[in-house]
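> Requesting a structural model of the entry that follows:
(2 chains)
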Amino acid sequence: MALRELKVCLLGDTGVGKSSIVWRFVEDSFDPNINPTIGASFMTKTVQYQNELHKFLIWDTAGQERFRALAPMYYRGSAAAIIVYDITKEESFQTLKNWVKELRQHGPPNIVVAIAGNKCDLSDAREVTEKDAKDYADSIHAIFVETSAKNAININEVFIEISQRIPAVDSGRRGREGFQTAPAAVGDPPHLLLMTTPRVSPETTRRPSNIQPE
Amino acid sequence: MPETVCWVTHPSPSSSPVPSSAPISVPSPLRTSLRQPPIAPPDSIEDETIERALTKLTRPSPSPSGATDILEGQRLSDMSISTSSTDSLDFSPSFLLSVSGAGPSRRSRATGDSSGAEEEEEEEEEEEEDYGISVGSDLEASPLPPPLKPKLQRSGGGGGTFVLPRALKGKIRKMSGMFSSLMTPEKRALHRIVELSQDKSSYFGCLVQDYISFLQENRGCHTSGEELLQTLRQFITQMKAYLCQSSELDPPIESLIPEDQIDQVLEKAMHKCVLKPLKGTVDAALQDFQVSSGAWQQLKENLALARTKQPQELGVDGAVPPDPVAIEKIRHKFHNMFKMYSPEKKVSLLLRVCKLIYTIMEDNSGRMYGADDFLPMLTYVLAQCDMPELDAEIQYMMELLDPSLLQGEGGYYLTSAYGAMSLIKNFQEEQAARVLSSETRNTLHQWHRRRTTQRFTPCVDDFQNYLRVALQEAGSGCTAKTLLVRPHFKAKEVCELCAQKFKVPDPENHALFLLVGDTNQQLAPDTHPQRIKAEIHSRPQLQHFHFVYRRVSSASVPELNGNNLSS
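You can find the predicted model right below:
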């Protein structure tokens, strides 16, 4: 069965529960055959989707303002981004909208965007209505779910929907092979390339000019 | 394949007794198993790691699985992960001890003791052959009994040729041939490629040796460390492609290695053929570039400043930071990292550092931490370590690491380390920016306004060494690029850079302009754009400004409104 590695980036304010969502998602998947990761900022989980295995490589980001400028280094090359807000904090929903804009401007083309309204177990303190968020998500063609990492509500669903929206291998070329052949950074503006510098694009096959065969 | 069998069935290589006086003639299968590359961690260790993870989840321990399963399930992006799993030796029952009490005993290299720190030492020995230093002194310094390392095999396989007299070499070749039949297929392939790379009668050997001597003699032909590393990376990739296609490799690699592993074996081989002999050259060149650009001094100053900060001032919120003993241990790990030539090995050490940071955070709280907590802590730790050398190390890894590993765990923590270093590098600027009044903050670009916290975050092109320049051309509007512009670059040099980056056919008719508000002025060729930027940044009133590269005669160019350029 074909295995595809999908980089998924988590964005959102600090404290909205980004890492709790991931932790919930991966917690039941500890398999003796798979090495656990060293910490919760980067986690992986492999799920079956149709006749493929999708291995999610989940990149968490720091939500504090001071780390914002680093975000492009994390979302570049992502197949999907999960933007998380806290349904009890209106402000975190505004931040989410800004992330959407930024991804549109600087993110990888065709990135699958999922919006997760976390802490839906705290509906008494709700500040963002489900309808508003859903309407917004629809307007940008994003996946939308309200989640509760605490009560394990809708966590798997987010990832299932991402799997569904990821283009098939031959058209999207995002799989393991695709990573090598399709430059993930193709849509990145030049300044991101300058900032991050690792090249994912295929290198030219030109010989260095200083080497002459005998 | 006696090794394979032994490796699978051996219960615990690190703790099993080894005859320290064994004769040299027989390569110990045990040692072979220890020297197995990262993709094949001993399964007992594997289980410890898993058990630990499962204990966290308060789940029942799994039944030990066959190591072959692990191998089959192995994927490229797991490589970095699995190297870190060998680090799980730290998490043997004594791992707490190794965290808190490793300081004093760290340098005692006695064998036989199985404390966490010692095991770590042992493991570092295992990687020793990948240090870019000469083999002879290496062996003498080794605390492990020499018989454990098949000395002759090593010599035939790598740097030994530089050390050993030629007469001896022939004999060793023969003997190493004998040993090679006992080696794992991967070892054999590696060995063969390295041998070929030193054989100047082969085309491959010629290419490699010529490149090595070229770089050793002409490292000055590169303009920056980045460029040097990128050229190196390109060479490695090309040579891998050549090896795949050519028939020089005998036996062909396909006959030794399963197809899906060929790439990583070639990668590893090229590191040995190219990066190992060039380690000294590359290190020195990177350092030279840093010093000459002023980046080294700047970084030292910023590190000194960042080091005085409390964890909270760097954004740490609640989690307990490593104490000075732990910082010392981390510094030690970084020092080991500096000695390695393989970007993968370096990354695996970086992962160990990160794992140690996590362990300290988690042990003190019992909870899991995501990036909100980890990245500030990593920034704090890197500041405390006060090692400006780390910057070049990170650059080395980022440029040379096998691209297929960049999405995995190694890539993640490398990105985080890079991010933490950029924050430290720009620490002074951030400090300056923080005194901006709340009114002026409101006028900052849209993306700065996302949240009204007390802090202003530098955007990418505010970072030192980067300058955003817009090309304005009649009819085609504006294109902006962020360019690498060192503080000492003059406007003239920036113009040359712009001409090149924007592919302007007539650079002589173009010049660099500064737009502040509605005024716009041409910059004299000998002015320093980065200093001008810094000066504008330091003004009490924050002003929008843009650097624009355009035609000098602006008759045909419509009046430019600075807002058009807002990015």
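> so the residue of chain A found nearest chain B is in which element?
Closest to chain B within chain A is residue A:19: 2.4 Å, counting by Cβ to the nearest Cβ. (Each C-beta comes from the backbone N, C-alpha and C, glycine too.) Here residue A:19 sits within helix A:18-27, counting by DSSP states H and E.
> How about residue A:45?
Per DSSP H and E, residue A:45 falls inside strand A:42-49.
> For chain A, give me its nearest residue in the stretch 451-567 of chain B.
Counting by Cβ to the nearest Cβ, the stretch 451-567 of chain B gets nearest chain A through residue B:482, at 3.1 Å.
> Just the CA coordinates for whichever strand or helix holds that residue, please, in PDB.
Using DSSP H and E, residue B:482 sits in strand B:477-484. C-alpha atoms of strand B:477-484 as PDB (Å, rounded to 0.1, in the frame of the first residue of the first chain):
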ATOM      1  CA  GLY B 477       4.000  47.800 -11.500                       C
ATOM      2  CA  CYS B 478       6.100  46.700  -8.600                       C
ATOM      3  CA  THR B 479       7.900  43.500  -7.700                       C
ATOM      4  CA  ALA B 480       9.500  43.300  -4.300                       C
ATOM      5  CA  LYS B 481      12.200  41.000  -3.200                       C
ATOM      6  CA  THR B 482      13.900  40.500   0.100                       C
ATOM      7  CA  LEU B 483      17.600  40.400  -0.500                       C
ATOM      8  CA  LEU B 484      20.500  39.400   1.600                       C
END
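> what is the mean pLDDT for the helix or strand following it?
Once the chain leaves strand B:477-484, the next helix or strand it forms, by DSSP H and E, is helix B:491-501. Averaging pLDDT along helix B:491-501 yields 87.
> Give me the buried positions along the helix or strand following helix B:491-501.
Using DSSP H and E, the helix or strand that follows helix B:491-501 in sequence is strand B:510-516. Neighbour counts over strand B:510-516 (16 or more other Cβ atoms under 10 Å in any protein chain shown) mark B:510, B:511, B:512, B:513, B:514, B:515 as buried.
> so the last one bridges to which residues?
What it means is residue B:515. Applying DSSP bridges to residue B:515 gives these bridge partners: residue B:520, residue B:546.
> Can you give me the neighbour number for residue B:530?
A count of nearby residues for residue B:530, using other Cβ atoms under 10 Å in any protein chain shown, gives 18.
> Would you indicate which residues of the host helix or strand of it are buried?
Under the criterion of DSSP H and E, residue B:530 resides in helix B:529-538. For helix B:529-538, the neighbour count (16+ other Cβ under 10 Å) marks B:529, B:530, B:532, B:533, B:537 as buried.
> list the contacts for residue B:395?
Applying Cβ atoms under 8 Å, 6 or more residues apart in numbering or on different chains to residue B:395 gives the contacts A:197, B:225, B:226, B:229, B:286.
> For the host helix or strand of the third one, which helices and strands make contact with it?
Put plainly, it is residue B:226. Element membership of residue B:226 [criterion: DSSP H and E] is helix B:225-245. If you count contacts as 3 or more Cβ pairs under 8 Å, 6 or more residues apart in numbering or on different chains; DSSP states H and E, helix B:225-245 packs onto helix B:203-217, helix B:259-270, helix B:276-293, helix B:389-400.
> what's downstream of the last one, the next helix or strand?
Secondary structure here is assigned by DSSP H and E; on that basis, the next helix or strand after helix B:389-400 toward the C-terminus is helix B:409-425.
> State the mean pLDDT of that next one.
94.
> hmm, back to that, would you mark the buried spots in the helix holding residue B:226?
In helix B:225-245, counting by 16+ other Cβ under 10 Å, buried: B:225-226, B:228-240, B:242-243.
> For it, report the contacting residues that lie outside it.
By Cβ under 8 Å, 6+ apart, helix B:225-245 touches A:197, A:199, A:203-205, A:207-208, B:193, B:204, B:207-208, B:211, B:215, B:219, B:222, B:249, B:253, B:262-263, B:266-267, B:269-271, B:273-275, B:278, B:282, B:285-286, B:289-290, B:392, B:395-396, B:399-400, B:484.
> the longest helix in chain A is where?
Criterion DSSP state H: the longest helix present in chain A is helix A:90-106.
> quick check, that one touching chain B?
Yes. Using Cβ under 8 Å from any Cβ of the partner chain, helix A:90-106 reaches chain B at A:91, A:94, A:95, A:98, A:102.
> Look at the third one and report its pLDDT.
Reading off the confidence values, residue A:95 has pLDDT 96.
> what does residue B:504 give?
Here, the pLDDT recorded for residue B:504 equals 84.
> Just give the nearest non-adjacent residue to it, would you?
With sequence-adjacent residues excluded and distances taken as Cβ to Cβ, 6 or more residues apart in numbering or on different chains, residue B:504 is closest to residue B:510, at 5.8 Å.
> any weak-confidence spans in the stretch 151-300 of chain B?
Along the stretch 151-300 of chain B, the parts satisfying pLDDT under 70 run over B:151-182.
> residues from it in reach of chain A?
B:203, B:206-207, B:210-211, B:214, B:218, B:226, B:230-231, B:233-235, B:237-238, B:241.
> Mind picking the two most distant members of these?
The most widely separated members of those are B:203 and B:226, with 29.5 Å between them, by Cβ to Cβ.
> all strands of chain A, in order?
For chain A, the strands defined by DSSP state E cover A:2-11, A:42-49, A:52-60, A:80-86, A:112-118, A:143-146.
> Quick check: the farthest pair among the contacts of residue B:395?
Of all pairs drawn from the contacts of residue B:395, the one with the longest distance (Cβ to Cβ) is A:197 and B:286, at 13.6 Å.
> Between these two, point out the one with more neighbours.
Between residue A:197 and residue B:286, counted using other Cβ under 10 Å, the more crowded position is residue B:286 (22 against 16).
> what's near enough to touch that one?
B:225, B:228, B:229, B:392, B:395, B:396.
> tell me the two of those that are most distant?
Using Cβ to Cβ, the two most remote members of the contacts of residue B:286 are B:228 and B:392, lying 10.9 Å apart.
> Adjacent strands (with direction) for the strand holding residue A:45?
According to DSSP bridges, strand A:42-49 forms sheet pairs with strand A:52-60 (antiparallel).
> returning to what we had before: take the helices and strands packed on helix B:225-245 and write them to JSON lines, including distance to residue B:497.
JSON lines is the format used below for the helices and strands packed on helix B:225-245 (distance: least, Cβ to Cβ, whole Å):
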{"stretch": "helix B:203-217", "distance to residue B:497": "25"}
{"stretch": "helix B:259-270", "distance to residue B:497": "32"}
{"stretch": "helix B:276-293", "distance to residue B:497": "14"}
{"stretch": "helix B:389-400", "distance to residue B:497": "20"}
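> which of those helices is buried the deepest?
helix B:389-400 (a mean of 22; mean count of other Cβ atoms under 10 Å in any protein chain shown).
> by how many degrees do that one and helix B:276-293 diverge?
Going by axes from the mean of the first three to the mean of the last three Cα atoms, to 10 degrees, helix B:389-400 is angled at 120 degrees with respect to helix B:276-293.
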